[in-house]
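Visitor: got a predicted structure plus its sequence, pasted below:
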Amino acid sequence: MKKYFTFLFTTLILSYSTISIADEGMWIPMLLGQLNEEEMMAMGMKITAEDIYSINHSSLKDAVVIFGRGCTAEIISDQGLLLTNHHCGFGIIQRHSSLEHDYLKDGFWAANQAEELPSPGLTCTQLVRMEDVTNQVLDGVEENMSEADRNKIINENIDKIKEEAVEGTHYEAIVKPFFYGNQYFLFVNEIFKDIRLVGAPPSNIGKFGGDTDNWMWPRHTGDFSVFRIYVNEDNEPAPFADGNVPFKPKTSMKISLKGAEKDDFTFVFGYPGSTQEYVTSYAIEMITDVINPIRISMRSDALDIIGAAMNNDDLIRLQYAAKQAGIANGWKKWIGENRGIKKLNAIEKKKIFEAEFTEWAKSTPERMEKYGGLIPGFESIYSALEPLKYSESYLIESGFRSDFVRFASSCRNLVNLSETKTPDKAKVKDELERLQGNVPGYFKNYNPEVDKKLFVALISEYYDKTVNDGGPKPDIFNLINKKYKGDVLKYADDVYKNSMFASEEELTAFLSKYKSSGYKKIEKDPAYALAMSLRDYYFNFLRDGINKYETELDSMMRIYMKAQLEMQPDKRFYPDANFTLRVTYGKVDDYYPRDAVHYKHYTTLSGIIEKEDPAIYDYVVEDKLKELYASKDYGRYADKDGMVHICFTGSNHTSGGNSGSPVLNADGHLIGINFDRNWEGTMSDLMYDPDMCRNISIDIRYCLFIIDKFAGATHLIEEMTIVE
Ligand code: ARG
Ligand code: GLU
């Protein structure tokens, strides 16, 4: 074991000797000094690795947080002011909106701290420190152990490490595997629980171009929103309370008005969610040939239905805004991903690598023994896994798309707690209160017609595509088959008509009079029966099978990853994204998307005027913005070319989760907020192409221009540290 770690350690640490010009890579902040600093400086960086991540003094990492569950944000004032994307704050802005005060449509700006809006449930997570705990995690693990034994030891070790790491503090700890379990890091976090909405531009700025422009360049979206972290008197995290005060951070980001020129060094500091750069051709084939096409087709249908309803009704537009954005975002990304994989010949490239790998593995008997079976093993597991993933993709995209089904499903706990011989009254009461608390939110964003249309269209497609394949099915398919002769609409009519989950009054009345024996009524409810049928099928049939294969794949990937590190000792490897803090660096850069086309690296306010179309919701331009444009009232936010720059592209390797991440220049000053990738580059989660992959950021000067000149929120500008 020891020998193996020494090997891994030297591979990870020493392979920096071969320096390539980086674009690709999501690097571990703690290891920048060893792996990247030299190259970053060669590319123009003027600060040090210690300035980015340090546990001895404050560093930029103290101004970066996880925002909510899937975004990044940065602290930009000594009063805990936060910047993130508009699309990251979207759900919260929607929650505070109604037809009377529609902050999504009109924007929102708190005139002072007292007006900032609490957002219960929203948290921000800040990294206190990280540590390589590989040796402790793998202590007691032997090379030839069964996976079950291995995992048992690892989990016990992890529990111990976590406990010790946070003893006597209010911090929380998490240990995550890197390189598929060849390395482990501990993260000690501080989690803030009182986060308030400070400001957001109207959607026709924050989401300008909507889904038409999403994932695309040239882009003119002002995708930012502003929040603030509140804490108790001791400057420590606390749940919302009137007496809470703005957070005083160790450091905050300085904002540069200098802008960015082509080829300027930049880095992005944030939380990329998940990439799969080291998997086999079989994995990519399954994703691009089986899973993505199902997702794309199901979501096209869902989007047609939701889109039509939203276009005709302001209330539905508000109710379905966040759901629609989420569905559309994945849909468009996967279309781009499939195209990119094809254009890049990614599967072919993987196959060539696998052939080389096989040669390399064959070249000594020890390698042959350790690694010889890997590639054929992957091939056979993926062919067994594929049909399960096929069904799973349909189920995920259909059954649980309906709010009605999902809400019914969320009553399962209540039923389970109630149906025991002697129900625990306190637990039943807690669970009941939880559900009652969710009822208004569920109905606020629920339209029965839209929900039913979605359900019918999606379940029909799932039913049609799988009804004849001979495999096991959810029970309701039998019911639909026998009682309704395959007519999903007739079935849905009955369910939606007879279920209490379709009526707020009925559901509220039922829950308010609930006694333990009430579980029988829930069980008899057709929507609940439907939800349970899908759920049982999912867990009892699909998940068991998928888990079995995925566990095998996990352990094979661990070995395959180790083998790849061993086979390419001169290559500098970065671990796949796993929603831990990373630094990715590159430069401000343009690109050539296709034959004869060149895309400049930035866009300007003229482009917004050019795209204006009062007839299309996503391309409406506010009068105020047009006035500022006409009078060229740009203040200090114009570029030296005299124009307000809106967005810019760069060769920083980012992924979902990097939304809201600070984009910094050579001095470590904030020049932009990352919010997207280009469509031609969305395959970078599976394979990166330096010529084609670009991250898209909003120019920080456009944010300030909107805050200052458009919204008049000058008190916020005064809080910031601005470098002219
Ligand atoms: N594509 C960006 C990301 O992946 C932004 C999505 C939000 N915008 C939208 N039009 N749906 O999150
Ligand atoms: N918009 C993405 C997010 O929400 C970032 C774009 C990407 O996937 O690179 O994290």
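Guide: Looks like it arrived, so ask away. Numbering: from 1, shown residues only. Ligands and ions are numbered 1, 2, ... in the order given.
Visitor: where does this protein dip in pLDDT?
Guide: 1-22 (pLDDT under 70).
Visitor: so is the residue of it found nearest ligand 2 in a helix, a strand, or just coil?
Guide: Residue nearest to ligand 2 within the chain (CB to the nearest ligand atom): residue 659, separated by 2.9 Å. From N, CA and C alone the C-beta is placed, and that goes for glycine too. Assigned with DSSP: H, G, I helix; E, B strand; the rest coil, residue 659 falls in the coil class.
Visitor: near ligand 1, which residues of the stretch 1-150 of the chain show up?
Guide: Residues of the stretch 1-150 of the chain lying close to ligand 1 (CB under 6 Å from any ligand atom) are residue 87.
Visitor: which bits of the stretch 1-150 of the chain sit near ligand 2?
Guide: residue 71.
Visitor: let me see the contact set for the residue of the chain closest to ligand 2.
Guide: 70, 71, 72, 84, 85, 87, 88, 674, 675, 676 (CB atoms under 8 Å, 6 or more residues apart in numbering).
Visitor: got phi/psi on residue 484?
Guide: Phi and psi for residue 484, reported as degrees, to the nearest 10, are phi -110, psi 10.
Visitor: what's near enough to touch it?
Guide: With CB under 8 Å, 6+ apart, residue 484 has these contacts: 490, 491.
Visitor: so how many other residues sit close to the closest residue to residue 708 other than its chain neighbours?
Guide: The shortest distance from residue 708 to any non-neighbouring residue, by CB to CB, 6 or more residues apart in numbering, is to residue 717 (5.1 Å). The number of residues packed near residue 717 is 15, by other CB atoms under 10 Å.
Visitor: before we move on, the earlier item: any chance of the contacts of residue 659 in JSON lines, with neighbour count too?
Guide: Listed next are the contacts of residue 659 as JSON lines, based on neighbours: other CB atoms under 10 Å:
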{"residue": "70", "neighbour count": "14"}
{"residue": "71", "neighbour count": "24"}
{"residue": "72", "neighbour count": "29"}
{"residue": "84", "neighbour count": "26"}
{"residue": "85", "neighbour count": "27"}
{"residue": "87", "neighbour count": "24"}
{"residue": "88", "neighbour count": "23"}
{"residue": "674", "neighbour count": "27"}
{"residue": "675", "neighbour count": "29"}
{"residue": "676", "neighbour count": "29"}
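Visitor: in strands, which of the residues you listed appear?
Guide: Judged by DSSP state E, those include 71, 72, 84, 674, 675, 676 as members of strands.
Visitor: which SS class is residue 294?
Guide: helix.
Visitor: now it: how far from residue 534?
Guide: 16 Å (CB to CB, to the nearest Å).
Visitor: up against ligand 1, what does the protein have?
Guide: Residues of the chain lying near ligand 1 (CB under 6 Å from any ligand atom): 87, 207, 210-211, 214-215, 325, 328-329, 656, 659, 675-676.
Visitor: what residues does the protein put near ligand 2?
Guide: Counting by CB under 6 Å from any ligand atom, the chain sits next to ligand 2 at 71, 654, 655, 656, 657, 658, 659, 675, 676, 677.
Visitor: now with 5 Å?
Guide: 654, 656, 657, 659, 676, 677 (CB under 5 Å from any ligand atom).
Visitor: so who does the closest residue to residue 624 other than its chain neighbours touch?
Guide: Excluding its sequence neighbours, the residue lying closest to residue 624 (CB to CB, 6+ apart) is residue 710, at 5.8 Å. Shown in contact with residue 710 (CB under 8 Å, 6+ apart): 201, 205, 622, 624, 625, 628.
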